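K.L.:
let's see this in three dimensions:
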Amino acid sequence: MDTLQNMRVFVRVVEAGSFTAAAQSFNSTTGAMSRAVSELEAHLRTRLLNRSTRRLALTTAGERYLKRCQQILADIDTAEEEASCAHERPSGALRMHSFASIGQHYVLPAIAHYRALYPDVTVELTLSQRMPDLFEGSADVAVIGASALPDSDLVSFPLGTTFSILCASPSYVKTHGAPQRPADLADHECLILQTPAFAPHEWILDGPNGSEAMQIDGPVQVNIAESLVVAIREGMGIGMVPLYAAIAGLRDGTLIRVLPDYTLQKMHVYALYPSRKFIDAKTRTWVEFLRAHLPKVIARDEALLAEIGRTDSGSDAKPRG
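P.N.:
Next comes the predicted model:
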């Protein structure tokens, strides 16, 4: 028995005043309306309507039940309207997950611009270095970086591609010199950044001679790019820093780029969410916003790197020895 539908029929019969009128509004038959109310009465084990050939009358139990049914059905209609609006108008809490550094440099600034467009959306952002299980419902959408995505049922949208560069502090370069070719890294202190995107102890340098893989070990290992930047500034060694985390230090002179003809670990940035079906408006508009916004930000960072390269001849980066 469809209790909810039978409740709707019961309310309609009472409001319309007859089974025939109710049947017309449901595009059904008088017999179907009568059976629905009889099923409801049998389920409740009480009479709701006193019937005669000329009129219907609510019993005392029917009067109480009618009020409850009207309230329940009104609440259901409101809930359905609110859920439907969620697919049309961005509002409510948008739960996001992002890898920590990407979230710090790309996602948080993007949220500010997004909320200027959609102020009815609130944001719950979780930053971590693990891949979330979006199917368990912990987040609506994730922004991650990876060399490639594993096969999964998640919906993914590419948001852009960035890379890392090698950096050291002015004090380190003054004391130890700078490597002139990838093989020179074997004679330097190399700092390790452990991320989900790449193997931590292998640096793949792309440069004039194509790709060169270097096995790296060093005295300090961290899992957040901003922490790596601190270690580099303290003169602990040379580190592989994502471009977005390196720009500020390169601009203020606390970082120096070494092996400037090389980039490392090309990384694709993706937005992920669980399903294409019934995606709500806040998730849809957030992903659409990122797809338009993030490539411009990545291009801006690359332009800043090129500008720094033109203005900084690397005179401080003297060869070792």
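
K.L.:
check which residues of the longest strand along the chain are buried.
P.N.:
Determined from DSSP state E, the single longest strand within the chain is strand 155-168. Within strand 155-168, the residues that qualify as buried are 155, 159-160, 162-168, counting by 16 or more other C-beta atoms under 10 Å. Placement of C-beta: from N, CA and C, glycine included.

K.L.:
go on, stretch 143-154?
P.N.:
With the criterion 16+ other C-beta under 10 Å, stretch 143-154 contains buried residues 143-146, 154.

K.L.:
can you give me the end-to-end distance of it?
P.N.:
Taking C-alpha to C-alpha, to the nearest Å, the first and last residues of stretch 143-154 lie 12 Å apart.

K.L.:
so what's the gap between that stretch and the chain middle?
P.N.:
Using C-alpha atoms, centre = their mean, to the nearest Å, the distance from the centre of stretch 143-154 to the centre of the chain it belongs to is 12 Å.

K.L.:
for residue 113, which non-adjacent residue is spatially closest?
P.N.:
For residue 113, ignoring the flanking residues on the chain, the nearest one in space by C-beta to C-beta, 6 or more residues apart in numbering is residue 293 at 6.5 Å.

K.L.:
give the burial count for the one you found, as a bare number.
P.N.:
Other residues near residue 293 number 17, with proximity taken as other C-beta atoms under 10 Å.

K.L.:
helix or strand for residue 240, which one?
P.N.:
The secondary structure element spanning residue 240 is strand 238-242 (assigned by DSSP states H and E).

K.L.:
kindly export that strand (C-alpha atoms) in CSV.
P.N.:
Below are the C-alpha coordinates for strand 238-242, written out as CSV (Å, rounded to 0.1, in the frame of the first residue of the first chain):
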residue,chain,number,x,y,z
ILE,A,238,67.4,22.8,-2.3
GLY,A,239,63.7,21.9,-2.6
MET,A,240,61.2,21.2,-5.3
VAL,A,241,58.5,23.7,-4.8
PRO,A,242,55.1,24.0,-6.7
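
K.L.:
could you tell me the average pLDDT over that strand, please?
P.N.:
Over the span of strand 238-242, the pLDDT mean works out to 95.

K.L.:
poorly predicted segments of the chain, please.
P.N.:
Within the chain, the segments meeting pLDDT under 70 span 53, 81-88, 132-137, 275-278, 312-321.

K.L.:
circling back to that earlier point, and the buried residues of stretch 143-154 as a markdown table, adding secondary structure?
P.N.:
Shown next, in a markdown table, are the buried residues of stretch 143-154 (DSSP: H, G, I helix; E, B strand; the rest coil):
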| residue | secondary structure |
| --- | --- |
| 143 | strand |
| 144 | strand |
| 145 | strand |
| 146 | strand |
| 154 | coil |
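
K.L.:
how about the residues you listed, which pair is most distant?
P.N.:
The widest separation within those, taken as C-beta to C-beta, falls between 145 and 154 and amounts to 15.1 Å.

K.L.:
run through the residues that contact the residue nearest to residue 281 when sequence neighbours are not counted.
P.N.:
Leaving aside its chain neighbours, residue 281 sits nearest to residue 90 (4.4 Å; criterion: C-beta to C-beta, 6+ apart). If a contact means C-beta atoms under 8 Å, 6 or more residues apart in numbering, then residue 90 has 118, 120-121, 280-282, 285-286 as its contacts.

K.L.:
go through these and flag which are in helices.
P.N.:
Taking DSSP state H as the definition of helices, the contacts of residue 90 contribute 281-282, 285-286.

K.L.:
of the residues you listed, closest to residue 227?
P.N.:
If you rank the ones in helices among the contacts of residue 90 by distance to residue 227 using C-beta to C-beta, residue 286 comes first, at 28.0 Å.

K.L.:
count the neighbours of the closest one for me.
P.N.:
Using other C-beta under 10 Å, the number of residues around residue 286 comes to 25.

K.L.:
what's the spacing between it and residue 121?
P.N.:
Taking C-beta to C-beta, to the nearest Å as the criterion, residue 286 is separated from residue 121 by 8 Å.

K.L.:
what segments of this structure are helices?
P.N.:
For the chain, the helices identified by DSSP H occupy 3-16, 19-26, 30-44, 60-85, 100-102, 108-117, 170-176, 225-233, 243-252, 281-311, in order along the chain.

K.L.:
and residue 116, how far from residue 285?
P.N.:
When distances are taken as C-beta to C-beta, residue 116 and residue 285 turn out to be 13 Å apart.

K.L.:
more neighbours, the two?
P.N.:
When neighbours are counted by other C-beta under 10 Å, residue 285 comes out ahead of the other of residue 116 and residue 285, with 18 against 8.

K.L.:
re the thing from before, so which of the helices of the chain is the most surrounded?
P.N.:
By mean neighbour count, with neighbours taken as mean count of other C-beta atoms under 10 Å, helix 100-102 ranks first of the helices of the chain at a mean of 22.

K.L.:
starting at the chain centroid, how far to it?
P.N.:
Here helix 100-102 is found 12 Å from its chain centre; the criterion is C-alpha atoms, centre = their mean.

K.L.:
so what touches it?
P.N.:
127-129, 143-145, 224-226, 242, 244-245, 269.
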